[in-house]
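In: Kindly generate the corresponding structure for this input.
(one chain, ligands or ions: 3)
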Amino acid sequence: MSALTIFTDTEATTPIWHSTDAEEIRQQLNAKDVRFERWEADRDLGDNPAAETVIKAYQHAIDRLVAEKGYQSWDVISMRADNPQKEVLRTKFLSEHTHGEDEVRFFVEGAGLFCLHLDGKIYQILCEKNDLISVPAGTPHWFDMGSSPHFTAIRIFDNQEGWIANFTGDTIADAYPRLP
Ligand SMILES: CSCCC(=O)/C(O)=C/O
Ligand SMILES: [Fe+2]
Ligand code: NI
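Out: Ligands and ions are numbered 1, 2, ... in the order given. Below you'll find the model as predicted:
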């Protein structure tokens, strides 16, 4: 179940707010200009879908976002527990970073934890299948896929180059809860 847990950025052990209610989560995040919606990820993708299969299955969702916001490119990130790159990728995404564009992700399988560092607070969003999230450009954040990752997400970009991150060098992420 999707969840939002909020901490201050000075106290990593005691949450100040928590909910698994999609509407409450939406309201909290919208107040910070973060888009959070429950879409329908209802296509059968099989066990280990190729990127082209995922794109084809959800072209309608991509088209909708492109029509709305003029996004220019997209790709698929899919992780499984047997991926030999899982530790390297987990470590990379666990470093606080920003992007020069909105971070738009549509989860079509599994789950992952987005952690946003906004106005003195840490917003930990457990994103699951069906969740669409858009994090405003320039927001410091990190992402945890856990030690046994299982998710597939469509990433939508408003540039032709795809994923570009600027690492902040802040080690704050190390203090906050992670996925098992
Ligand atoms: C579910 S996409 C996670 C990886 C990524 O693209 C990113 O920018 C994490 O912050
Ligand atoms: Fe990111
Ligand atoms: Ni919970």
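
In: The longest helix belonging to the chain packs against which elements?
Out: Taking DSSP state H as the criterion, the chain has its longest helix at helix 59-69. When contacts are defined as 3 or more C-beta pairs under 8 Å, 6 or more residues apart in numbering; DSSP states H and E, helix 59-69 packs onto strand 103-118, strand 151-157. Bear in mind the C-beta positions are built from the backbone N, C-alpha and C, glycine included.

In: touching ligand 1 at all, the last one?
Out: This points to strand 151-157. Yes: against ligand 1, strand 151-157 shows contacts by C-beta under 6 Å from any ligand atom at 153, 155.

In: got the angle between the helix or strand where residue 91 lies and strand 103-118?
Out: Using DSSP states H and E, residue 91 sits within helix 86-93. Per axes from the mean of the first three to the mean of the last three C-alpha atoms, to 10 degrees, the angle that helix 86-93 makes with strand 103-118 is 60 degrees.

In: same for the next helix or strand along the chain from helix 86-93, what does it pack against?
Out: The C-terminal neighbour of helix 86-93 among helices and strands, as given by DSSP H and E, is strand 97-98. Under the contact definition 3+ C-beta pairs under 8 Å, 6+ apart, strand 97-98 sits against strand 141-144, strand 166-167.

In: Surely residue 26 and residue 34 touch.
Out: No: using C-beta atoms under 8 Å, residue 26 is not in contact with residue 34; the gap is 9.2 Å.

In: more crowded one of these two?
Out: More neighbours surround residue 34 than the other of residue 26 and residue 34, with 24 against 17 (other C-beta atoms under 10 Å).

In: Next, count neighbours for the spatially closest residue to that one that is not a sequence neighbour.
Out: Nearest non-adjacent residue to residue 34, counting by C-beta to C-beta, 6 or more residues apart in numbering: residue 135, 5.7 Å away. The local packing of residue 135 (other C-beta under 10 Å) involves 27 other residues.

In: now residue 52
Out: 9.
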